[in-house]
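Q: Here's a sequence, model it:
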Amino acid sequence: MTVVQTSEPAPDRSEAPAGPVCSYTEWDPLEEVVVGIVDGASFPSWHLALPPVLPEHQVETFRTQAGRPFPAERIDAARRELEEFVHILEAEGVRVRRPEPIPQRTTYSTLDWSSSGMYAAMPRDTLLVIGEDIIECPMAWRSRYYEALAYRPLLKEYFHGGARWSAGPKPELTDAQFDQDWSDGHTDGSAHLVVTEFEPTFDAADFIRCGRDIIAQMSNVTNAFGIEWLRRHLGDDYRIHVLEFEDSHPMHIDATLMPLAPGKLLVNPERVPKVPDLFKGWDVLEAPAPVIPDAHPLYMTSKWINMNLLMLDETRVVVERQDEPMINALEKFGLTPIPCDFRNFNSFGGSFHCATLDVRRRGVLRSYL
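A: Here you go, the predicted model:
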């Protein structure tokens, strides 16, 4: 485990800012959230950054279907689940916002390469909210280069309402950013990352917020350069801790380790055989084995997407309706599960945490670790 942190932060704050954007943790009471859309969802243009994170049996599908739409029946089923999710959130008192559809199969070019897009389904990947700052992430996949445009109307609105609006350095994503000799030949289970340190890149989903402490991992989209950029951007109010897990294909931390409330931690028993010392004294729940059938298509994720939960506050948690082992485990852990059908959305590489960006939670900046 490697730890990177800033100097000693300022004292805890006693009042939440009044602006439209403010979120310090994964569990403070949720007031406003962005929920993604699957309109126009398409297989991304083929690129060597894909095989390191795709399920092995899906690699050839992505190669042959590059630039084409995902199956219409899958998109329709996922859209219906998203609407159910939105209704549940609104019934629980949460304001829900949605991105604008943008063309995903239109080819775009830089000086060095061309690509088409993928979707605007996972705002958790594209945007990172730290306090009053909403940050556009310098993502490593060429197919996600313009994904943040789907959220631009919301970003403008939040800015005019008083939020900070930042953006990481827009990456060139030339061949130098990727290990051209990448292979999945490691036999010791260690990760061989496809991204280099040529320029900073990161996805927001490689960071988990615990007040002043932010948990991060390096992955096939997030490099040390990107983490260091974020550390300097945030300044001394925050401490970034970079953890390593037993994951040979890392991409996004929220199916590996999820703080659910102060003192409550959900871990992937395969990837986290030893709880990091950072969480000493916390109650730990090992995620139950996923129950997603082998026949159900998961294009871009493992079955451990069952860990990808959304906390509405310190007790209420949205969980996949068919995942009875997880529901039972959460109840025994002292939480109140809110079931929602989401298995068809899971096919696209995420679940409730990925599908959302918690724009505003009712809480203040303080230390929990």
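
Q: so who does residue 85 touch?
A: By C-beta atoms under 8 Å, 6 or more residues apart in numbering, the contact set of residue 85 is 35, 318, 340, 342, 345, 352, 355. Every residue, glycine included, has its C-beta placed from N, CA and C.

Q: In strands, which of the residues you listed appear?
A: Using DSSP state E, the members of those that fall in strands are 35, 318, 340.

Q: any chance of the contacts of residue 85 in CSV, plus neighbour count and pLDDT?
A: Output for the contacts of residue 85, formatted as CSV (neighbours: other C-beta atoms under 10 Å; pLDDT from 0 to 100):
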residue, neighbour count, pLDDT
35, 21, 98
318, 25, 98
340, 21, 98
342, 26, 98
345, 29, 98
352, 26, 98
355, 28, 98
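
Q: Nearest to residue 92 among those residues?
A: Residue 92 lies nearest to residue 318 out of the contacts of residue 85, by C-beta to C-beta, at 8.7 Å.

Q: Now for that closest one: which residues touch it?
A: 85, 88, 89, 309, 310, 312, 337, 338, 340, 352.

Q: The same query, at a cut-off of 6 Å, please.
A: If you count contacts by C-beta atoms under 6 Å, 6 or more residues apart in numbering, residue 318 has them with 310, 338, 340, 352.

Q: For residue 142, state which of the residues you listed is nearest.
A: Nearest to residue 142 out of the contacts of residue 318 is residue 352 (C-beta to C-beta; 27.1 Å).

Q: Ramachandran coordinates for that closest one?
A: Per-residue torsions, residue 352: phi -60, psi -40 (degrees, to the nearest 10).

Q: Now that it has come up, it's in contact with residue 307, right?
A: No - the pair residue 352 / residue 307 is not scored as a contact, 10.3 Å apart, by C-beta atoms under 6 Å.

Q: Residue 205 reaches residue 124, doesn't it?
A: Yes - using C-beta under 6 Å, residue 205 is in contact with residue 124, at 4.9 Å.

Q: any idea how far the residue nearest to residue 338 when sequence neighbours are not counted is from residue 347?
A: Excluding the flanking residues, the one nearest residue 338 by C-beta to C-beta, 6 or more residues apart in numbering is residue 318, at 4.9 Å. In this view, residue 318 and residue 347 are 18 Å apart by C-beta to C-beta, to the nearest Å.

Q: next one: residue 52
A: Distance, residue 52 to residue 347, using C-beta to C-beta: 20 Å.

Q: Next: residue 338.
A: Going from residue 338 to residue 347 by C-beta to C-beta gives 21 Å.

Q: more crowded one of those two?
A: residue 347 (24 against 21; other C-beta atoms under 10 Å).

Q: Give me the pLDDT value at that one.
A: Looking at residue 347, its pLDDT stands at 97.

Q: is it true that it touches residue 297?
A: Yes - using C-beta under 6 Å, residue 347 is in contact with residue 297, at 5.1 Å.

Q: tell me the phi and psi of residue 105?
A: Torsion angles, degrees, to the nearest 10, at residue 105: phi -100, psi 10.

Q: Report how many residues lie close to it.
A: Using other C-beta under 10 Å, the number of residues around residue 105 comes to 14.

Q: What separation is there between it and residue 42?
A: Using C-beta to C-beta, residue 105 is found at 5 Å from residue 42.

Q: In JSON lines: the contacts of residue 318, plus distance to residue 172.
A: Shown next, in JSON lines, are the contacts of residue 318 (distance: C-beta to C-beta, whole Å):
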{"residue": "310", "distance to residue 172": "34"}
{"residue": "338", "distance to residue 172": "43"}
{"residue": "340", "distance to residue 172": "40"}
{"residue": "352", "distance to residue 172": "33"}
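
Q: Looking at those residues, which is nearest residue 174?
A: Taking C-beta to C-beta as the measure, residue 352 is the one of the contacts of residue 318 closest to residue 174, at 35.1 Å.

Q: What residue, apart from its backbone neighbours, is nearest that closest one spatially?
A: Closest residue to residue 352 apart from its sequence neighbours, by C-beta to C-beta, 6+ apart: residue 310 at 3.8 Å.

Q: how near is the one you found to residue 80?
A: 18 Å.

Q: same question, residue 156
A: Using C-beta to C-beta, one obtains 30 Å as the distance from residue 156 to residue 80.

Q: Residue 193 now?
A: Distance, residue 193 to residue 80, by C-beta to C-beta: 36 Å.

Q: can you check residue 250 too?
A: For residue 250 relative to residue 80 (C-beta to C-beta), the value is 31 Å.

Q: what packs against the helix or strand that contains residue 331?
A: Element membership for residue 331, per DSSP states H and E: helix 324-332. Here helix 324-332 touches strand 316-320, going by 3 or more C-beta pairs under 6 Å, 6 or more residues apart in numbering; DSSP states H and E.

Q: at 10 Å what do you get?
A: Here helix 324-332 touches strand 264-267, strand 283-286, strand 316-320, strand 336-340, going by 3 or more C-beta pairs under 10 Å, 6 or more residues apart in numbering; DSSP states H and E.
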